[in-house]
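Colleague: Okay, structure incoming, though there's no sequence with it:
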C-alpha cells in the first residue's frame, strides 16, 4: 500500500533553548522532513526581533536580485552558479557581512548603471530629435535661427488636421502666422508665429487644439539636412559608448557574479531560516518548533536535532487526529510514476486518510487512451512526439510517449497501421466487431467503477466514517444496489438468478433514502430536520439510481471512438489514392494524430474525473511542504511528493 497510501505522520513539538535555536532550525531545514505548523498557546508569543530579521533578509535578497538582473538579466543566479549554503548559518549575525559585501558590489554596479542609463537616455533623445528634424526638412532655414528670434515667437509642431482652421479662427484678434508645412493622414506639421507680446495667446490657442510642439535638440544646428547629419554622427558616438559599456558589464559580471551568487545563496538560506523562526512562539528563553514529521523520518530528526543542539532538546511526539487537525499528505511516488502524477494533482491532492489513485489512474488512462486511439502507425508518431518533448526536458513527454505505446498495442490488437490492415488483427477490427467493442468498453467501465467503490470503502474505513462506509451511495448499500440493479437485472433476464433477488432493490433503496436519519440515530451524525432529510434523500436516491446506468453507459464512448478512429483512418486512406494522395495522407494523418489525439485524451480524463473519481476521491489534501533551504526541497517533483 506504500504507493497508494500517504506516509503516516506524527506531530512533533520541539522545545529549544534560544542559544540553540538557529543551529536546530538549520539542521531541520537541511533534513527537509518537518512540515511546520503554527500553534497558539497561552503565554507563548512569536519574537518581534525575528520578524525584523526576516524583513531584513527580504530586503537583502531583493537588492541582490537587482544587482544580478543588472549584470545577467535574471533576478536569481542560474542553477550552475548557485552554491550549497554554508554549514554554519547564523541569520542573527550573517546579515552584517552580507550587507557589507553587497554595499561594495552596489557601488561598482550602480556607477555602471548610472553611466549606462545616461547614455541610453541620450540615445533616446537623439532618436527623438532625428524624427523631429526630419519634419523640418521642407524648411530651408537654419534651425538655430528658429530658436534665436528676439521679437517673434516661432514654434513648430503637430496639429490634428481638422483643428488647423479652428486655430486660425481663434487667433483673429492678434497678428499671427500659421503655415501648414506637411500633412500626413489626419495630422499636419505647422509653423506658428506671433509677436513676443502675444505669445501667451498663441500658446493657449494651440494647446486647446491639441498641439504637440517639436522640441528641437541643442545638437541640431544649421539647415535641417545639416542638423540631421550632425545628430546621426552624435548617435553613432553614443552607440559606440553603449557597446563599450556592454563590454564593461561583461567584465563586471565575470568578476562579480561568483561573489553575488555566494551572497544570494547565503541570504536566501538565512532568509528562509528567519522566515521560519519568526513563526516559532517563545516563552522566556524557550522556543517551540511544532510540525508534522513522516514516521520513517522521526528517528533521523531526533538524532539530527540532538547532534546540532548544545543543550538538551525536549521532543514531544503525538499521534495525529485527522478529525480535528489538518494533517499534510505525502505520497512517496516511485520516480517512474512521477510523470503521471499530474493526472491526479490536476484534479486535487489526496488527503491524509485517502488512498492515492495515481497508479490506478495511470493504468486505466493509458488503457482507455489506447483503445480509443488504436493504430500502430499513429501510436508510433505519438511515441516519437513524446520522446522529442522529453528530450526538451518536458516531463509531459513521458505521458505522451506512454499514450503512444498504448495506441500501438491496441493497433496490433486491431490490426491497423495508418488506416491499413498491414498485420492480422490480434483481437478484432472495430468496424467489423462494433458491438463487441462497445460491450467490452461498457464492461471495462463497470470494472473501473467497482474499483472506485472498493477504494471508497477503504477510504471510509481508514477515516472511521461509518455512515459513508455502510449507508451512502458509494458505500456498501450503494454497491449492493448497483449490483442488484445491473447484475441482478441481467441475471433474471437471462434466467440465471431468481426473480426474488429483485426484492432487495426496494430495501436497499430505502436504506439510501433514509441514510441521514439512520446515521443520526446510529452514530449521532449531524443532519438537518427529518422532513428536509427525507426530501433531500429522495432526490439523491433518484439521482443515484439514474447515475448508476448513465455512469456505466458513459464508457461506451471508448468503443465509439475506437470505431470512429478506424473509420476516419480508412477515409483518409481512400482519399489518398488520387493525384494529390500524398498531401491528403499527410494532412489527414496530422489531423488524426494532433486533433483527435487531444480529444481522446480529454475524453479519457473526463471518464477518470467524473465517473471514477466521483466514487471515492475528494482531493482536498494539504500538501506536505517541509522546512527547507531550497525552494521546493526534495519534494519538488510536483511540490508535494518524493
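Modeller: Structure's in. What do you need? Every value quoted in this text rests on a predicted model; they were computed, and no experiment measured them.

Colleague: quick one: the residue nearest to residue 530 when sequence neighbours are not counted and residue 477, what's the gap?
Modeller: Sequence neighbours aside, residue 517 is the residue nearest to residue 530 in space, at 6.1 Å (criterion: CB to CB, 6 or more residues apart in numbering). Just so you know, the C-beta spots here come from the backbone N, C-alpha and C atoms, and that holds for glycine as well. Going from residue 517 to residue 477 by CB to CB, to the nearest Å gives 14 Å.

Colleague: On the three-state scheme, residue 315 is what?
Modeller: Assigned with DSSP: H, G, I helix; E, B strand; the rest coil, residue 315 falls in the strand class.

Colleague: Find the residue closest to it in space, skipping its chain neighbours.
Modeller: The shortest distance from residue 315 to any non-neighbouring residue, by CB to CB, 6+ apart, is to residue 14 (5.3 Å).

Colleague: hmm, who's touching stretch 521-528?
Modeller: Stretch 521-528 is contacted from outside by 466, 467, 516, 517, 519, 520, 533, 536, using CB atoms under 8 Å, 6 or more residues apart in numbering.

Colleague: between residue 517 and residue 477, which one's more packed in?
Modeller: residue 477 (21 against 17; other CB atoms under 10 Å).

Colleague: The closest residue to the more buried one other than its chain neighbours sits in which helix or strand?
Modeller: The shortest distance from residue 477 to any non-neighbouring residue, by CB to CB, 6+ apart, is to residue 511 (4.6 Å). Assigned by DSSP states H and E, residue 511 belongs to helix 504-513.

Colleague: between the next helix or strand after that helix and helix 504-513, how many degrees?
Modeller: The helix or strand immediately downstream of helix 504-513 is helix 515-523, counting by DSSP H and E. With axes from the mean of the first three to the mean of the last three CA atoms, to 10 degrees applied, the angle from helix 515-523 to helix 504-513 works out at 70 degrees.

Colleague: now whatever helix or strand comes next after helix 515-523 against helix 515-523, angle please.
Modeller: Next along the chain after helix 515-523, taking DSSP H and E as the criterion, comes helix 530-553. Going by the same axes, to 10 degrees, helix 530-553 is angled at 110 degrees with respect to helix 515-523.

Colleague: got a list of contacts for helix 530-553?
Modeller: 442, 445-446, 449, 473, 478, 481-482, 485-486, 509, 512-517, 527-528, 611, 614.

Colleague: got the buried residues for it?
Modeller: Within helix 530-553, the residues that count as buried by 16 or more other CB atoms under 10 Å are 533, 537, 540, 541, 544, 545, 547, 548, 551, 552.

Colleague: again with stretch 118-130
Modeller: For stretch 118-130, by 16+ other CB under 10 Å, it's 119, 122, 123, 125, 126, 129, 130.

Colleague: okay if I get the residues you listed as CSV plus secondary structure, distance to residue 228 and pLDDT?
Modeller: Converted to CSV, the buried residues of stretch 118-130 look like this (DSSP: H, G, I helix; E, B strand; the rest coil; distance: CB to CB, whole Å; pLDDT from 0 to 100):
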residue, secondary structure, distance to residue 228, pLDDT
119, helix, 21, 92
122, helix, 17, 85
123, helix, 16, 86
125, helix, 15, 76
126, helix, 11, 79
129, helix, 9, 72
130, helix, 6, 74
